[in-house]
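Q: Sharing a model that was predicted from the sequence below.
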Amino acid sequence: MICKVCNQKAKQIFTAQILNKYDIKYFHCENCGFIQTEEPYWLNEAYAESINISDTGYMQRNLILSQKLTILLALFFDKNKVFLDYAGGYGVFVRMMRDIGFDFYWDDKYTANLFARGFEYNKQPIEAITTFESFEHFVNPLEEIEKMLMFSKNIIFSTELLPQPIPDPEAWWYYGLDYGQHISFYSFKTFQFIAKKYNLNYANLGCLHLLTEQKVSNLKLKILKFSKFGLHKFLQKQFKSKTWEDYLKMSTRK
């Protein structure tokens, strides 16, 4: 099988059962470190519900990300510009960020916008894109990345990096075998390859990642750790929440 990231030959490394019924082949590319499944013919079934029932960390993840992104966007981007949450799910993150005071908008082809209705993306110029727990869902990663780069050269995203050595199917929860939506898995080497291909800079913050036009020093990025000590609360004082403003806008909308 040909690697969907670097176009080199990928070698089958194991077979795993997805959705308790389909025996699926997984392929590893030694050139860029990417792992992909065989062509995912089961996705219509896997996406009967776009947010899987076992994602019990959905709300907690959005809360933690809103704290970290408050620090990141306030310190390293133009906080007064427009931001887009790509593959934004139910709109929880967009609503949280607007409640803080960031001008965030929502876009998702597969999930109903429940919490950020009225703030769907409408071709505004974008300072940076956020996209959380989506890279592992991409059937064709480069196509999705290129779509995002049409909006902004700054992409902030989350996904779990492949452990080393590569774990067996039963040894790593992130393969997501029970719900079958995770089909693409990335190593540090993979994101370095992607960054070089698109003339971007890559920075790793654990499960949070940056692909950006301008290089952000690792020393400065360590400040994100201070979210544990309430730095986000201090920075939020610089903003005016959009909650009431959004209410007025939506209540008079026809």
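A: Looks like it came in fine. Residues are numbered from 1 along each chain as shown.

Q: Show me where the stretch 101-250 of the chain has its strands.
A: Under the criterion DSSP state E, counting those that start in this stretch, the stretch 101-250 of the chain contains strands at 103-107, 128-132, 155-158, 184-185, 201-205, 208-212.

Q: mean pLDDT lowest for which of these?
A: Ranked by mean pLDDT, the strands of the stretch 101-250 of the chain end with strand 201-205 at the bottom, a mean of 91.

Q: returning to that earlier point: format the strands of the stretch 101-250 of the chain as JSON lines; extra columns: distance to S241 and mean neighbour count.
A: Bear in mind the C-beta positions are built from the backbone N, C-alpha and C, glycine included. Below are the strands of the stretch 101-250 of the chain laid out as JSON lines (distance: least, C-beta to C-beta, whole Å; neighbours: other C-beta atoms under 10 Å):
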{"stretch": "strand 103-107", "distance to S241": "12", "mean neighbour count": "22"}
{"stretch": "strand 128-132", "distance to S241": "19", "mean neighbour count": "23"}
{"stretch": "strand 155-158", "distance to S241": "21", "mean neighbour count": "22"}
{"stretch": "strand 184-185", "distance to S241": "36", "mean neighbour count": "24"}
{"stretch": "strand 201-205", "distance to S241": "26", "mean neighbour count": "16"}
{"stretch": "strand 208-212", "distance to S241": "24", "mean neighbour count": "21"}
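
Q: Let's have those in TSV, adding distance to K4.
A: Shown next, in TSV, are the strands of the stretch 101-250 of the chain (distance: least, C-beta to C-beta, whole Å):
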stretch	distance to K4
strand 103-107	23
strand 128-132	18
strand 155-158	17
strand 184-185	7
strand 201-205	18
strand 208-212	17
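
Q: Alright, I will stop here.
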